[in-house]
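**Student:** Below are the sequence and a predicted model for it; my questions follow.
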Amino acid sequence: MLKLGQKMIVSWRALVLSLLLSLVVGVSGIGDVPDRLIAMATSRVAYRDVSGDIVVVGIDDRTLAESRGGEFTRHDHARLIRAIDRAAPRRLFIDFDYERPDNYGGMESVSAAVRNMGDRVVLAVPTRSVPGSDQLVTIFPDPSFGNRAKHASIAWENQFWQVWDVPLMYLAEGKLLPSFSAVLANKSGRAPSQFRIDFSYRTASIQQYSAIDVIDGKVGARELAGKDVIFAPTASRHADRHYLPGHDKVPGAYVHLIAAETLRRGDPVNLGWLPPLGLALLLTLPMLLRRGNRWFSVFGLAVATVLIVSQQLLATQLVTVSTGTGLFFLVAIGSNVARARRRDSAQRENPVSGLPNFEALRSQPPFGSMTVIAAKVVNFDDLAAFIPGDGIGKLVEQVTRRLQLASQGTTLHHDLDGTFAWLVPYYQHSQIEGQLAGLAALFNAPLTIGELRVDVAIAFGVNDEFEGSNAQRLAAALVAAERAIRTRALWTKYTPRQKDDAGWQLSFHSQLEDALTGGDIWVAFQPQYEIASRKLVGVEALARWTHPTRGPIPPDEFIVQAEKSQDIYRLTLFVMDQAIRSAAQLHERGLRINMSVNLSATLLDHSDLVGTIRVMLTAHHLPPEILTIEITETAQIENSRQARQTLAQLRRTGIRLSIDDYGTGQSNLEYLTEIEADEIKIDKRFVMTMRDSRRNLEVVKSTIDLAHRLGAVAVAEGIEDAETMALLGQLGCDVGQGYHLGKPQLFSELAATLAAPPQNRTA
């Protein structure tokens, strides 16, 4: 095996590790994510029509509009069931649980109509979760329906906010029930199980009739005779609407119907993720044995295509396979192949300076008690862009010559980006600070390159920890050098604190995921008062993170970290959803309180941002004018066409726009003329010091005047005392916010405040 491994593109260890990681991905379910994305993309090209043997009679929008008081009562249900019975359908599936009381009565009429149909009726048995707990409650039909009607479960679990799998048999409180789709397809089982829906059916091919037309006799035996009829809510205001992958939101009856059509075609089979993973391994192994093969990436792409195409072909035969794990294996092994090629092609000698590079340093025997020193040319990138011709080589030569004075006989290593490193024996440890100070003095004199005189700054990092591999210790020294650059220090030493910070940053994504799902990240609400009347007019939603071990994390710390990646998008949507949900609850109570949410300018380049916010507003029934979006870092907006388009779309939607932290240098007059803002928020640094600083007072005063001239509301942040509040009132400021008026608080606390008498709600 060792001889065989020497001929491989990658080592056996890399192959086994890639395979083990793929197994972890498969077992953990992470591999389902690409499968979901592929299914969502391919399902948009739905091509198959339903058989027409199952139709839907729905309480749709027109039925509600033509019903008394806009409500389809139990008496109406009874009339409809009798009308369907007269049309001689094969069976009637009633997708209602009749759990809630009806103000108009009529339950006896519904029960009589159901009993009259005998065993041709199938009644829904829903299973729901109890809010605030993991408990499930199943609602069985009322005994008044008699014992001839059949019972079927309508329960399923959403995955990624969509319906993917539907039960064939469902265990409800110890009783094994068939699902609606199973009864529709005349299928059954002996144990709880579920199957994947065939998403190739076109929802537009489903025949749906309005309940009012059936009652009025416009739809009868010609349309319903001999068919299975699903009587269900289909109006847009009903909650029984779900997303199907690749399809729009559809009524629950459509899901039952398509699932039944799937079962009628055959028995769905789920082979899981192991067969595609095995196929990927089988196909790639021969290529891995051919060392130096340059076409592995092309071959890997071909194998991925084979997996995806096979997945789609099998889906047409009701066979489900998960290719995500196999695709992950291809990516993992492909990454190892690419890394192996780079390692093989890289020379252990820097081509510019002729010094050994960092790879040569890492591959040395363990450093032991040696101290690692890293040096970085601070402005190397600027110098490389500025110096013409081969001048950069001459610069590196002069830098190398000066650094070699400090290495004192030890080998100096040079990386490609102006970074150097060397080892110092432990017995010289006490002399390091003096050596680095003397070395820095050598760089006080500019370097001469041709006719140019160039100033060069250099910073040092030291790692004298004995633990870790050579690569880890070198990386630690480089981190310390970077810290020296940021803090403008001559040198810094790598400390355990830096290690903890690095671990925090490297695991930030997963920690944020855990915090969002575990409730450690929550939303606080800070009140905003109209200064003239002292009346509560709005609240601002603020993200907060209480870490289980680190405690409260300052918002600036985790928001800045999130903005470095796509994590800021999910974090913002989480806060946005909580804020809109809370504003909707207040709105339902008759409280028209404006809700403000911060939005990083980096998210304005997302083309789907406005659509996502619209979906949230619609889902929570909140008028868009209640929502105010505060834009930060406006300097980044000016050069982004997409950002300006997004802001314009938000305005057209009816959402208010606010310029946050105005006066800090991030926003400018050109931006104010391009974007029509409804609100300008004065940064708290000016408000908190306006009574002690004449300059800051003038900034606040001029900003208030500017806002009013632009037709915008002036909002002052950071009001810490009554004197500042009074002064802002004299200046004509409209709205105030700060600890003097109210601290950020839980929504329950805010709701309790609003529930108090009006005189108790003034600032």
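**Tutor:** Perfect, I can see it now. Residues are numbered from 1 along each chain as shown.

**Student:** what about residue 232, which SS state?
**Tutor:** strand (DSSP: H, G, I helix; E, B strand; the rest coil).

**Student:** Can you give me the end-to-end span of stretch 44-57?
**Tutor:** End-to-end span of stretch 44-57 (Cα to Cα, to the nearest Å): 26 Å.

**Student:** For residue 542, give me phi and psi.
**Tutor:** phi -130, psi 130 (degrees, to the nearest 10).

**Student:** Name the nearest residue to residue 626, ignoring sequence neighbours.
**Tutor:** residue 583 (5.4 Å; Cβ to Cβ, 6 or more residues apart in numbering). In this view, the C-beta of every residue, glycine as well, is placed from N, C-alpha and C.

**Student:** Does residue 242 touch residue 161 like I think?
**Tutor:** No. At 9.0 Å, residue 242 does not count as touching residue 161 under the criterion of Cβ atoms under 8 Å.

**Student:** So between those two, which is more surrounded?
**Tutor:** The residue with more neighbours, out of residue 242 and residue 161, is residue 242; 17 against 7, by other Cβ atoms under 10 Å.

**Student:** The more buried one - that's part of a helix, no?
**Tutor:** No. With three-state DSSP as the criterion, residue 242 is assigned strand and is not in a helix.

**Student:** how near is the nearest residue to it once chain neighbours are set aside to residue 43?
**Tutor:** Counting by Cβ to Cβ, 6+ apart, residue 242 lies nearest to residue 163, which is 5.0 Å off, once chain neighbours are set aside. Residue 163 sits 12 Å away from residue 43, going by Cβ to Cβ, to the nearest Å.

**Student:** intersection of neighbour lists for these two?
**Tutor:** Counting by Cβ atoms under 8 Å, 6 or more residues apart in numbering, the shared contacts of residue 163 and residue 43 are residue 244.

**Student:** Counting neighbours around each, name which of these two comes out higher.
**Tutor:** The residue with the greater number of neighbours, taking residue 163 and residue 43 and applying other Cβ under 10 Å, is residue 163; the counts read 23 against 19.

**Student:** isn't that one right up against residue 254?
**Tutor:** No. Counting by Cβ under 8 Å, residue 163 does not reach residue 254; the two are 9.8 Å apart.

**Student:** Could you name every residue contacting both of those two?
**Tutor:** Between them, residue 163 and residue 254 have residue 244 as joint contacts when contacts are counted by Cβ under 8 Å, 6+ apart.

**Student:** Report the distance from stretch 371-378 to the chain centre.
**Tutor:** Counting by Cα atoms, centre = their mean, to the nearest Å, stretch 371-378 is centred 38 Å from the centre of its parent chain.

**Student:** How about stretch 220-234?
**Tutor:** For stretch 220-234 - counting by Cα atoms, centre = their mean - the centre lies 42 Å from the chain centre.

**Student:** same thing with stretch 738-747?
**Tutor:** Between the mean C-alpha location of stretch 738-747 and the chain-wide mean there is a distance of 28 Å, by Cα atoms, centre = their mean.

**Student:** And it, what's buried?
**Tutor:** Taking 16 or more other Cβ atoms under 10 Å as the neighbour-count basis, stretch 738-747 is seen to contain the buried residues 738, 740, 741, 742, 744, 745, 747.

**Student:** Now that stretch: average pLDDT?
**Tutor:** Taken as a whole, stretch 738-747 has a mean pLDDT of 92.

**Student:** Any idea how far apart the tips of that stretch sit?
**Tutor:** Its first and final residues considered, stretch 738-747 spans 17 Å by Cα to Cα.

**Student:** any residues touching it, and which ones?
**Tutor:** By Cβ under 8 Å, 6+ apart, the list of residues contacting stretch 738-747 from outside reads 522-529, 542, 544, 582, 684, 687, 716-722, 724-725, 763.

**Student:** Now which of those residues would you call buried?
**Tutor:** 522-529, 542, 544, 582, 684, 687, 716-719, 724-725, 763.

**Student:** pLDDT weak spots in the stretch 101-250 of the chain?
**Tutor:** When the per-residue scores of the stretch 101-250 of the chain are filtered using pLDDT under 70, the ranges that remain are 102-103.

**Student:** Helices along that one, start to end?
**Tutor:** Across the stretch 101-250 of the chain, reading from the start of the chain, the helices by DSSP state H, counting those that start in this stretch fall at 107-117, 180-184, 211-215, 221-224.

**Student:** so which of these gets nearest residue 148?
**Tutor:** Shortest separation from residue 148 across the helices of the stretch 101-250 of the chain is recorded for helix 107-117, at 7.1 Å, computed as Cβ to Cβ.

**Student:** helices or strands up against that closest one?
**Tutor:** In terms of contacts (3 or more Cβ pairs under 8 Å, 6 or more residues apart in numbering; DSSP states H and E), helix 107-117 is packed against helix 74-86.

**Student:** For the helix it packs on, name the packing helices and strands.
**Tutor:** Based on contacts counted as 3+ Cβ pairs under 8 Å, 6+ apart, the elements that helix 74-86 packs against are strand 91-94, helix 107-117, helix 211-215, strand 228-233.

**Student:** if I look at the residue positioned nearest the centre of the chain, how far off is residue 263?
**Tutor:** The centroid of the chain falls nearest to residue 570 when counting by Cα atoms, centre = their mean (3.4 Å). Distance of residue 570 to residue 263, given as Cβ to Cβ: 36 Å.

**Student:** In CSV, list the C-alpha atoms belonging to the helix or strand harbouring residue 524.
**Tutor:** Element membership of residue 524, judged by DSSP states H and E, is strand 521-530. Only the C-alpha atoms of strand 521-530 are listed here, as CSV (Å, rounded to 0.1, in the frame of the first residue of the first chain):
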residue,chain,number,x,y,z
ILE,A,521,-29.1,36.1,20.6
TRP,A,522,-32.2,38.1,21.3
VAL,A,523,-33.7,41.5,20.4
ALA,A,524,-34.0,44.4,22.8
PHE,A,525,-36.3,47.4,22.1
GLN,A,526,-35.4,51.0,23.0
PRO,A,527,-38.3,53.5,23.1
GLN,A,528,-38.3,56.8,21.1
TYR,A,529,-40.3,59.8,22.3
GLU,A,530,-41.6,62.9,20.6
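
**Student:** Mind listing residues that contact it?
**Tutor:** Surrounding strand 521-530, the residues in contact under the criterion Cβ under 8 Å, 6+ apart are 512, 515, 535-546, 571, 574-575, 578-579, 582, 594, 596, 715, 734-737, 741-747, 750, 753, 762-763.

**Student:** for that strand, the distance to its chain's centre please.
**Tutor:** Centroid separation for strand 521-530 versus its chain: 23 Å, with Cα atoms, centre = their mean.
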